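Asks: Provide a 3D model corresponding to the input given below.
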Amino acid sequence: MEITFLACPVSSAPSASTCPLTPSTAPSVWTSTGPAACAISSGWRSASQARSCSSPTLSMNWSPHRTKVLKKVTRECGPALSQEQLGANICLDVSSDCYFLFEDDKFIVKAFRLFHRVPSFGFCVQERHRPGRLKTELLKELGVKPGPVYGRLKAGQPVTLESGRLLLPSEVLEESIPGRKVCILGDCSSALGEAPVRVCQGADLLVHEATLGDEHRDKAVEHGHSTPQMAAELARACRAKKLALYHFSQRYKPSSLQRHEDDTDDVTELQRQAEQVLLDDGVDVILAEDFLTISIPLHRPK
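Replies: Numbers count the residues shown, from 1 in each chain. Have a look, this model is predicted:
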């Protein structure tokens, strides 16, 4: 599993009028008819419709025929491009306060609401647990030869042996391998409700904006954005293993572009501020940059 940050222009960000939802309306249906929603169902229609620089992008093939949450297909977006799938209405699951966007035998994708001046959402990509290794020595003792039977047991299907014994997968499989979890939050000054913390609990990677430094917190919140401390506090609440900061104000520059030695608007200062909050939590803090790819390694059985 990988996540890549892509460079996208800010000037063409969609206005509030083009977005299908607003936080104030407490929406119960997600209608994928605007640029913000098209990003979820089928990828950006074009790079110019992305919302901010260094936006994280996950490549997923969302097919209406595979998802269990597809409601009503709409065509209000106009003619679809060749790489697009048709849109859908997705109802808010009141019990979890989330939108179930996609589900198959490998992944579950959920969306949750964030507080911002215009509609904004966070997304959780949860990989399902993988079956553990087969206990081949035990299978040999039971007289089970390698072949299709191994595949059926690995897939979680019980097998009846020649002796008539029903062999359950749990008897011959080691512990399952926990699935990985990546959570990506859009523009926000805070989470909306308890759903984000609950859904992102134990995330392998939490991607959170940090527009301005902690010393400009009031200004950041006024414009619906966050600081490194705010991002780090959410990472701590979620017990995330890694925190990737993105969406920096243009006032922050990498060290290579600093004009004077006493310049304070170094982007690494944002990283330092987040690390200070997470000093005792063992969370890695990463500064996103254009085309940065972060790999999430497979978990090992405990």
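Asks: where does the stretch 201-302 of the chain dip in pLDDT?
Replies: 255-264, 301-302 (pLDDT under 70).
Asks: any idea where the strands of it begin and end?
Replies: In the stretch 201-302 of the chain, the strands defined using DSSP state E, counting those that start in this stretch lie at 205-209, 242-246, 284-287, 293-295.
Asks: any idea which of the ones you listed is most buried?
Replies: The highest average neighbour count among these, using mean count of other Cβ atoms under 10 Å, belongs to strand 205-209 at a mean of 27. Yep, even glycine has a C-beta here, placed from its N, CA and C like the rest.
Asks: how about the helices in the stretch 201-302 of the chain?
Replies: 217-222, 228-238, 268-277 (DSSP state H, counting those that start in this stretch).
Asks: could you say which of these is packed most deeply?
Replies: The stretch of the helices of the stretch 201-302 of the chain with the highest mean neighbour count (mean count of other Cβ under 10 Å) is helix 228-238, at a mean of 23.
Asks: okay, the angle between that helix and strand 242-246?
Replies: Using axes from the mean of the first three to the mean of the last three Cα atoms, to 10 degrees, one finds that helix 228-238 and strand 242-246 are set 150 degrees apart in direction.
Asks: contact partners of helix 228-238?
Replies: Helix 228-238 has contacts (Cβ atoms under 8 Å, 6 or more residues apart in numbering) with 183, 185, 189-191, 196-197, 200-203, 206, 208-210, 213-214, 217, 220, 243, 245, 270-271, 273-275, 277-278, 281, 283, 285.
Asks: and stretch 241-250, by the same measure?
Replies: 3, 5, 52-56, 187, 202-212, 225, 228, 231-232, 235, 267, 270-271, 274, 278, 283-288, 294.
Asks: ok now that stretch, how far from the chain's centre?
Replies: 14 Å (Cα atoms, centre = their mean, to the nearest Å).
Asks: can you check stretch 283-292 too?
Replies: For stretch 283-292, the distance to the chain centre is 15 Å (Cα atoms, centre = their mean).
Asks: okay, now the unreliable bits of the stretch 1-150 of the chain?
Replies: 7-80, 84-87.
Asks: alpha carbons of the helix or strand hosting Phe5, as PDB, please.
Replies: Here Phe5 sits within strand 2-6, counting by DSSP states H and E. Taking Å, rounded to 0.1, in the frame of the first residue of the first chain, the C-alpha atoms of strand 2-6 are listed here in PDB:
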ATOM      1  CA  GLU A   2       1.400   3.400  -1.000                       C
ATOM      2  CA  ILE A   3       0.200   7.000  -0.900                       C
ATOM      3  CA  THR A   4       1.600   9.700  -3.200                       C
ATOM      4  CA  PHE A   5       1.300  13.500  -2.900                       C
ATOM      5  CA  LEU A   6       0.600  15.200  -6.200                       C
END
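Asks: so what are the sheet partners of that strand and their directions?
Replies: Paired neighbours of strand 2-6 in the sheet (DSSP bridges): strand 55-57 (antiparallel), strand 293-295 (antiparallel).
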